[in-house]
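Student: give me coordinates for this.
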Amino acid sequence: MKVIVVGAGVVGTMHAWQAVERGHEVVHIEREAEARGASLRNFGQIWVSGRAGGEELDTALRARELWEGIGARVPKLGFRAIGSLTPVRGALELGVAEAALARPDAAARGYELLTPAEAREVNPALRGAFDAALWCERDAAVEPRPAQLALREALLASGRYTFRPGREVREVVGENAVRDDHGDTHTGDAVVLCPGAWLSGLVREVAGEVPVRRVRLQMMQTDPLGEALTTSVADADSFRYYPAYRSPALDALAAGQAQDPTAAAHRMQLLMVQRLDGGLTIGDTHEYEHPFAFDTVEDPYEHLTRVVESFLGRPLPRVRRRWAGVYAQCTDTTRVVHRQQVRDGVWLVTGPGGRGMTCSPAIAETTANELGW
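Tutor: Numbering: from 1, shown residues only. Down below sits the predicted model:
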């Protein structure tokens with residue numbers, strides 16, 4: 001079988017990976033010289049802890065298993081089974097963490113409530129004041145910027161993979177075929193369109209208005225910390241954002257503890273992970289209203305700096321990069337992904353939202369299974 005994959009972000013790359021793993025030939029088409037979207041502009045977190053139960057959690061856990069296997073074969077991914085800690089302060093935040101422990105799927109996530117001393121045994125860099133920390137053993141991390149390059153290097157070694165960069169697919173022609181802006185037609189036994197947040201143009205032509213929205217975020221990265229941050233770190237604002245934490249305790253937190261005004265205005269949470277070079281990737285914000293701003297604003301970065309320094313008990317290293325990114329999210333946020341057959345032999349896969357890096361291996365596996373690869 002020959003599979004045409006359009007889009008070289010992490011979702012498209014994982015579809016190429018699944019096809020090659022199953023013995024098929026892949027032609028992979030990317031409009032940029034390299035992927036430049038949300039697949040690079042993220043934390044690189046394999047984030048199981050906050051996922052909704054049922055299909056979303058099952059997908060995340062399966063993806064976590066697949067990431068670990070791929071990471072063992074592709075060391076340049078930088079896969080690390082580091083887990084995560086969410087320090088909490090006060091009775092209301094503690095109540096949400098305790099409610100999470102009472103979930104029937106808590107053991108599958110690897111939840112455990114740690115004292116400050118126990119949390120510092122896991123992550124000694126957390127020298128600031130907090131009352132407890134929710135530990136999630138199943139969380140992990142990879143390196144987002146080199147991930148697609150590392151995966152492509154492994155795919156090329158198969159001898160069944162061709163990468164065609166700098167080509168924008170403009171139309172679907174006939175069955176199982178697309179034409180790019182060089183005038184070349186690419187025909188296979190199946191075509192999978194993985195456009196990320198690029199939802200106009202070809203996507204609108206073949207699928208109309210899909211039930212997917214675009215979300216913009218701001219993030220930053222620091223100079224090396226000078227010590228190991230041995231886990232990912234979140235703050236209690238992540239309880240307000242992730243569906244796994246919905247409970248009467250979360251309602252009590254929302255009613256009794258107002259979010260910081262800057263965090264509320266920019267729909268913020270803290271997520272932080274250390275890169276292999278020692279720097280910290282820190283974010284993020286959520287902007288849903290279109291048209292998006294074209295610039296970044298400083299207040300969210302100042303807020304994140306205060307929160308991080310309160311956990312670390314020390315000044316943050318110099319910030320060396322700031323950026324914004326846009327990802328695609330299903331408007332029904334209970335859906336893991338939007339998967340749609342748009343023509344004979346042509347499928348559209350988009351909209352995993354902030355779950356793209358986490359869930360992409362399992363999303364691609366499901367596509368491959370459903371298409372009978």
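Student: list the buried ones in the strand or helix carrying A91?
Tutor: Of the helices and strands defined by DSSP states H and E, A91 is found in helix 90-101. Taking 16 or more other CB atoms under 10 Å as the neighbour-count basis, helix 90-101 is seen to contain the buried residues 92-100. For every residue, glycine as well, the C-beta is placed using N, CA and C.
Student: surely W67 touches A141?
Tutor: No. Under the criterion of CB atoms under 8 Å, W67 is not in contact with A141, lying 9.5 Å apart.
Student: who has more neighbours, these two?
Tutor: Here W67 and A141 are set side by side on neighbour count (other CB atoms under 10 Å), and the busier one is A141, at 28 against 24.
Student: next, give phi and psi for the more buried one.
Tutor: Its backbone dihedrals place A141 at phi -150, psi 150, with angles given as degrees, to the nearest 10.
Student: residues in contact with it?
Tutor: Contacts for A141 (CB atoms under 8 Å, 6 or more residues apart in numbering) come out as 43-46, 78-80, 82, 232, 273.
Student: the same query, at a cut-off of 7 Å, please.
Tutor: 44-46, 80, 82, 232, 273 (CB atoms under 7 Å, 6 or more residues apart in numbering).
Student: that older thread, other SSEs contacting the helix holding A91?
Tutor: The elements that helix 90-101 packs onto, with contact taken as 3 or more CB pairs under 7 Å, 6 or more residues apart in numbering; DSSP states H and E, are strand 111-114, strand 132-136, helix 248-256.
Student: please repeat the previous calculation with a cut-off of 8 Å.
Tutor: If contacts are counted by 3 or more CB pairs under 8 Å, 6 or more residues apart in numbering; DSSP states H and E, helix 90-101 sits against strand 84-88, strand 111-114, strand 132-136, helix 237-241, helix 248-256.
Student: next one: it to chain centre, how far?
Tutor: Taking CA atoms, centre = their mean, to the nearest Å, one finds helix 90-101 lying 25 Å from the centre of the chain it belongs to.
Student: which residues touch that helix?
Tutor: With CB under 8 Å, 6+ apart as the criterion, helix 90-101 contacts 86, 88, 106, 111-113, 131-132, 134, 236, 239, 244-245, 247-250, 252-253, 256-257.
Student: now the helix or strand that it is followed by: buried residues?
Tutor: Tracing the chain past helix 90-101, the next element assigned as helix or strand by DSSP H and E is helix 106-109. Residues of helix 106-109 classed as buried: R109 (neighbour count, 16+ other CB under 10 Å).
Student: how far off centre is helix 106-109?
Tutor: When C-alpha coordinates are averaged (CA atoms, centre = their mean), helix 106-109 and its chain have centres 20 Å apart.
Student: now that helix: mean pLDDT?
Tutor: Predicted confidence along helix 106-109 averages 96 (mean pLDDT).
Student: quick check: G7 vs L113, distance?
Tutor: In this structure, G7 lies at 41 Å from L113, with CB to CB, to the nearest Å as the measure.
Student: which one of these two has more residues nearby?
Tutor: The residue with more neighbours, out of G7 and L113, is G7; 27 against 16, by other CB under 10 Å.
Student: so what's that one closest to, chain neighbours aside?
Tutor: Leaving aside its sequence neighbours, G7 sits nearest to C194 (CB to CB, 6 or more residues apart in numbering; 3.6 Å).
Student: hmm, Q329 and G353 touching each other?
Tutor: Yes. Taking contact to mean CB under 8 Å, the distance of 3.2 Å between G353 and Q329 places them in contact.
Student: overlap in contacts of the two?
Tutor: Common contact partners of G353 and Q329 (CB under 8 Å, 6+ apart): V215.
Student: more neighbours: the two, which one.
Tutor: Shown here are G353 and Q329; by other CB under 10 Å, Q329 has more neighbours (23 against 20).
Student: which residues does the more buried one contact?
Tutor: Q329 makes contact with 212-215, 351-354 under the criterion CB under 8 Å, 6+ apart.
Student: closest one to A147 out of the contacts of A141, please.
Tutor: Checking the contacts of A141 against A147 with CB to CB, the nearest one is G44 at 7.3 Å.
Student: what about the nearest residue to the closest one once chain neighbours are set aside, how many residues nearby?
Tutor: The spatial neighbour of G44 that comes closest, neighbours along the chain excluded (CB to CB, 6+ apart), is P144 at 4.0 Å. For P144, the number of neighbouring residues by other CB under 10 Å comes to 22.
Student: list the contacts of P144.
Tutor: Residues 10, 39-44, 357 are the ones in contact with P144 under the rule CB under 8 Å, 6+ apart.
Student: ok, and the closest non-adjacent residue to A125?
Tutor: L229 (4.9 Å).
Student: same thing with V10?
Tutor: Spatial nearest neighbour of V10, chain neighbours left out: S39 (4.1 Å); criterion: CB to CB, 6+ apart.
Student: per-residue confidence at the one you found?
Tutor: Value listed for S39 in the pLDDT field: 86.
Student: distance of it from A147?
Tutor: 7 Å.
Student: joint contacts of these two?
Tutor: Residues within reach of S39 and of A147 at once, by CB under 8 Å, 6+ apart, are 10, 13.
Student: returning to what we had before: residue contacts, the residue nearest to V10?
Tutor: 9-11, 13, 144, 147-148, 196, 356-357.
Student: mind running it again at 10 Å?
Tutor: Applying CB atoms under 10 Å, 6 or more residues apart in numbering, we find S39 in contact with 7-13, 144-145, 147-148, 194, 196, 325, 327, 356-357, 360.
Student: does it count as helix, strand or coil?
Tutor: Taken by DSSP: H, G, I helix; E, B strand; the rest coil, the conformation at S39 corresponds to coil.
Student: and the buried residues of helix 90-101 as JSON lines, adding distance to T333 and pLDDT?
Tutor: Supplementary listing: the buried residues of helix 90-101 in JSON lines, determined by distance: CB to CB, whole Å; pLDDT from 0 to 100:
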{"residue": "L92", "distance to T333": "24", "pLDDT": "98"}
{"residue": "E93", "distance to T333": "23", "pLDDT": "98"}
{"residue": "L94", "distance to T333": "27", "pLDDT": "98"}
{"residue": "G95", "distance to T333": "24", "pLDDT": "98"}
{"residue": "V96", "distance to T333": "19", "pLDDT": "98"}
{"residue": "A97", "distance to T333": "23", "pLDDT": "98"}
{"residue": "E98", "distance to T333": "25", "pLDDT": "98"}
{"residue": "A99", "distance to T333": "20", "pLDDT": "98"}
{"residue": "A100", "distance to T333": "19", "pLDDT": "97"}
